[in-house]
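Visitor: the following block contains a protein sequence and its predicted model.
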Amino acid sequence: MIYKYLEYRNFIREFVEKKKRFGDKITYESLANSLRIQKSYLSKVLSGKARLSSDQAYLLAKFLKLDNEELEYFNLLIELDSTSLEVRKKEISKKIETIQHKKNRPKEHLNSDKIFNDPDTSKYYFDPLHQLIHVALTIKEFQKEPEKLLKSLNISKERLNHVLTNLEKMQVISIYNKKVDVLIDNVHLDEDSYIYWPWKNQLGDISKRRLQYESKSEDISFSATFSCDKNTFLTIRENFFKMLEEAQISVSRSESKKMYQLNFDLFNWL
């Protein structure tokens, strides 16, 4: 993904090396030919001794098959590298940060079936038990006998029935002869939602209580405070997104037998 880069030379180098690792017949010579420049000049560009022109950047983007949004971002990197005006650097950097914030978000790396309308969103997320019961119902054992969740989640029968009724009204599940069918099994709450933080805080509190008072040998709990440069931070974030995409693929291929929780925060203190 191009949006993790703040320097276009790093993007070019890593793009070519990644393609080579996957067996693509791409070389720096073919790259130079696509830009209509000598390979020696491309070497100077990549070593920081020369710069790409806007036309060369356009040809490179076509060669790399960047879409329009990626091309816009790539051109900003070119502009950032070429300008000597500090005020313009700040303006371009701000644009880059805005695009990065938009593109480097979990929802850009996840496939989801549904984003609820406001009334349903409030019901579903203001009480995290809706989400826990919803996911638990993807497990056959609980589809056949939802009341087994009373002990597993330590809740009352009234509370369970209330949540099941709400989920059915939202058309997330259907209930027939006391058996449950899950109609939607993959939802995601946008972090721009007005209820994102109330939901996240509530779910975080439930998760911490579970870890603290009902710890199991397979549990992992980890926290770290560290210092590094911006590029390292972006690399860590990109690696997380890769893991998130791979995890979703693995989960989609797996049979639902147990319910797990994954919480992750990565942010700048200063």
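Guide: Sure, I can see it.

Visitor: just the helices from the stretch 151-270 of the chain, written as ranges.
Guide: Using DSSP state H, counting those that start in this stretch, the helices found in the stretch 151-270 of the chain span residues 157-169, 196-213, 230-253.

Visitor: so how far is the first one off the chain centroid?
Guide: Right, helix 157-169. Distance of helix 157-169 from its chain centroid, counting by CA atoms, centre = their mean, to the nearest Å, is 30 Å.

Visitor: got a list of contacts for that helix?
Guide: 123-124, 127, 129-130, 133-134, 137, 146-147, 149-150, 173-175, 180 (CB atoms under 8 Å, 6 or more residues apart in numbering). For every residue, glycine as well, the C-beta is placed using N, CA and C.

Visitor: got a quick ChimeraX command for the buried subset of the residues you listed?
Guide: Selecting only the buried entries of the contacts of helix 157-169 in ChimeraX, with 16 or more other CB atoms under 10 Å as the criterion:
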select :123,124,127,129,130,133,134,137,146,149,173,180
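
Visitor: which of the contacts of helix 157-169 fall within strands?
Guide: In strands, defined here by DSSP state E, the members of the contacts of helix 157-169 are 173, 174, 175, 180.

Visitor: residues contacting the third one?
Guide: Contacts of residue 175 were listed using CB under 8 Å, 6+ apart, and they are 164, 168, 181.

Visitor: state the distance from it to residue 163.
Guide: 12 Å (CB to CB, to the nearest Å).

Visitor: one step back: and the ones in strands among the contacts of helix 157-169, which two are furthest apart?
Guide: 174 and 180 (7.4 Å; CB to CB).

Visitor: if we can go back for a sec, in TSV, list the helices of the stretch 151-270 of the chain along with mean pLDDT and mean neighbour count.
Guide: As requested, those are exported to TSV (pLDDT from 0 to 100; neighbours: other CB atoms under 10 Å):
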stretch	mean pLDDT	mean neighbour count
helix 157-169	94	16
helix 196-213	90	13
helix 230-253	86	13
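
Visitor: out of those helices, the one nearest residue 97 is which?
Guide: Closest to residue 97 of the helices of the stretch 151-270 of the chain is helix 230-253 (CB to CB; 10.5 Å).

Visitor: what is the nearest of the contacts of residue 175 to residue 253?
Guide: So of these, ranked by how close each gets to residue 253 (CB to CB), first place is residue 181, at 20.6 Å.

Visitor: the closest one pairs with what?
Guide: Residue 181 has the following beta-bridge partners by DSSP bridges: residue 174.

Visitor: contacting residues for it?
Guide: Going by CB under 8 Å, 6+ apart, residue 181 touches 143, 173, 174, 175.

Visitor: closest to residue 197 out of those residues?
Guide: For the contacts of residue 181, the nearest to residue 197 is residue 173 (26.6 Å; CB to CB).

Visitor: now the closest one. Nearest residue, chain neighbours left out?
Guide: Closest residue to residue 173 apart from its sequence neighbours, by CB to CB, 6 or more residues apart in numbering: residue 167 at 4.7 Å.

Visitor: any idea how far residue 36 is from the one you found?
Guide: For residue 167 relative to residue 36 (CB to CB), the value is 60 Å.

Visitor: check residue 134 too.
Guide: 56 Å.
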